[in-house]
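1. return a 3D structure for these sequence lines:
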Amino acid sequence: MVMSIKEILNGPEISGYLGSEKTKSLVEQEIVKRWGESELKNYDPLRSALTFKRWISLSFVPKKGETAIRSFIITENKDKKDPTKVIKKIKSIYLFYYRQVTELKK
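-> Below you'll find the model as predicted:
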């Protein structure tokens, strides 16, 4: 059964968001730029902004012409040569907001 956007937005946490205020703020800034300040009330980093792969797994696809919202994650791994050192890497991630997707036609 395919879930509706409303069910996704009201359902369990599905995004993988880990709570970074910096990444949340970056996405919020882009939402305001694209849809206005009033749209922030609909933003939920745990449900409404997902990666392309996650939207596809939920049977949704970005609408033609939509561009992703760029964000990032920081990963921390122990150095293999020196386990006392932690190596931080910044990885770009690309999110699509729920307003940017449509149901995938089969």
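
2. can we go C-alpha only for contacts and neighbour counts from here?
-> OK.

3. low-confidence ranges, the protein, go.
-> 1 (pLDDT under 70).

4. the longest helix in it is where?
-> Across the chain, the longest stretch assigned as helix under DSSP state H is helix 21-35.

5. which elements pack onto it?
-> Contacts defined by 3 or more Cα pairs under 8 Å, 6 or more residues apart in numbering; DSSP states H and E place helix 21-35 against strand 69-78.

6. isn't Thr75 right up against Lys89?
-> Yes: counting by Cα atoms under 8 Å, Lys89 is a contact partner of Thr75 at 5.2 Å.

7. all helices of this structure, in order?
-> Taking DSSP H as the criterion, the chain carries its helices at 5-10, 21-35, 52-57.

8. list the buried residues in the longest helix of the chain.
-> Residues Thr23, Lys24, Val27, Glu28, Ile31 are the ones in helix 21-35 that count as buried (16 or more other Cα atoms under 10 Å).

9. of all these, which comes closest to Arg54?
-> Arg54 has its nearest neighbour among the buried residues of helix 21-35 in Val27, at 17.0 Å by Cα to Cα.
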